[in-house]
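J.: Sequence and computational prediction follow.
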Amino acid sequence: MKEALKAAETSGLPTDPGKNFQFERHYTAAPRQLGPISLYQFGELSCEAGYEIAAHRQWCQEISYVVSGGGHFIDNAQAIPVKEGELIFNPAGHTHAISADCGEAIRFAYLGFELAPLETPLEEDLLPLRLFYQRSGCLHAAGCQEIFQPFRKGLEEFYLMEPAHLLMAQAYLLQILLLSYRALSGALSSAAPSSAAPPCGDSPPAGLAEGVAVGKAVYAAIRYIDRHLLEIQNVQQLSRTLGYNRTYLSHLFKSRMNRTLEEYLTQQKMERAKELLLRDHLSIAKTAELLQYASASAFSRAFRSYAGVPPSAFIKQGQR
């Protein structure tokens, strides 16, 4: 987390050209109180390959979830490699830094918090969490994909600011803290650090105004895909909905994310397809329909190209 924060609640796109996009709510020494949670910082950040967040003192507890890409979280000069689907906890008082891998951007969501002293009997169940987060060092856990959902929904509440959004946000923040506690308490020995993060060569920064405009377009595309995946037919429809020329938006996305917009959309659809087929036990035809494919055969071709096996074989493998 950054040391110097504004005195008011803020959000928006980054002015640093090394950042692809950022959405954030942050507070000063008077954190936002949401029930038992003292909220200091809550946001999402995507950084270019090789980008570094300089070492700084961690002044509250922080949970981070890697949405995509990879890099290193540095805790007291010890570098911990992280990748998509992994969770990391940084305790207050430690020196903290982050670096994206040299050949890959990193996107992560983060929550800076403290659990306030418990005041009611209804909060007694939170005592183990409060003690755990107060007494733990840096912790790291893999296979934590389920935590992205409350992160995404919580950020959405702050982004849309609909009625009672703080109450909804509190519920999602509690989910994050509980799910993280379950994951991290079983991974106390999994944060073995490497000696240092690999250095990256310097690259000339883009123009500041241009970088912010690009970040805005990329952020809009990713947010829309996260929220409306089942409504999107193709990149052309997505671009039209966002008010961008398809070629232009695809070019911006590729320049920042090192993959095409079509590749990213396909990845999100295929990962959702796996959940629908195995977890929700939907038929191939129904899954194709939900994901806006023209036919089951078109979906099957796309799935096989992505996963290496047709959906029927994928289902059989998952049932073994």
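T.: Arrived safely.
J.: ok, the nearest residue to L177 once chain neighbours are set aside - contacts?
T.: For L177, ignoring the flanking residues on the chain, the nearest one in space by Cβ to Cβ, 6 or more residues apart in numbering is L129 at 5.9 Å. C-beta: built from backbone N, CA, C; applies to glycine. Contacts for L129 (Cβ atoms under 8 Å, 6 or more residues apart in numbering) come out as 115, 177-178, 181.
J.: Can you tell me which of those residues end up in helices?
T.: When DSSP state H is applied, these are split such that 177-178, 181 fall in helices.
J.: which stretches of the stretch 101-250 of the chain have low pLDDT?
T.: In the prediction, the stretch 101-250 of the chain carries residues with pLDDT under 70 at positions 118-124, 187-214.
J.: how about the helices in it?
T.: Under the criterion DSSP state H, counting those that start in this stretch, the stretch 101-250 of the chain contains helices at 127-135, 148-160, 165-185, 208-228, 235-242, 246-257.
J.: Using a markdown table, please lay out those helices together with distance to A313.
T.: As requested, the helices of the stretch 101-250 of the chain are arranged in a markdown table below (distance: least, Cβ to Cβ, whole Å):
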| stretch | distance to A313 |
| --- | --- |
| helix 127-135 | 42 |
| helix 148-160 | 27 |
| helix 165-185 | 31 |
| helix 208-228 | 27 |
| helix 235-242 | 28 |
| helix 246-257 | 30 |
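J.: Identify whichever of those lies nearest to F89.
T.: helix 165-185 (5.5 Å; Cβ to Cβ).
J.: Can you get me a residue count around the closest residue to L249 other than its chain neighbours?
T.: Of all residues not flanking L249 in the chain, S239 sits nearest, at 4.8 Å (Cβ to Cβ, 6+ apart). Around S239 there are 20 other residues, counting by other Cβ atoms under 10 Å.
J.: I figured S239 was touching R246, is that so?
T.: Yes. S239 is within contact range of R246, at 4.1 Å (criterion: Cβ atoms under 8 Å).
J.: out of the ones in helices among the contacts of L129, who's nearest A79?
T.: Nearest to A79 among the ones in helices among the contacts of L129, counting by Cβ to Cβ, is Y181 at 24.5 Å.
J.: those strands in the stretch 1-150 of the chain, which residues are they?
T.: Read by DSSP state E, counting those that start in this stretch, the stretch 1-150 of the chain holds these strands, from start to end of the chain: 19-26, 32-34, 37-47, 52-57, 61-75, 78-83, 87-90, 95-100, 106-115, 139-141.
J.: Q233 reaches E289, doesn't it?
T.: No. Using Cβ under 8 Å, Q233 and E289 do not qualify as a contacting pair, with a distance of 11.8 Å.
J.: Give me the more crowded residue out of those two.
T.: E289 (16 against 12).
J.: what helices or strands is the host helix or strand of that one leaning on?
T.: Element membership of E289, judged by DSSP states H and E, is helix 284-290. On a contact count with 3 or more Cβ pairs under 8 Å, 6 or more residues apart in numbering; DSSP states H and E, helix 284-290 meets helix 296-307, helix 311-319.
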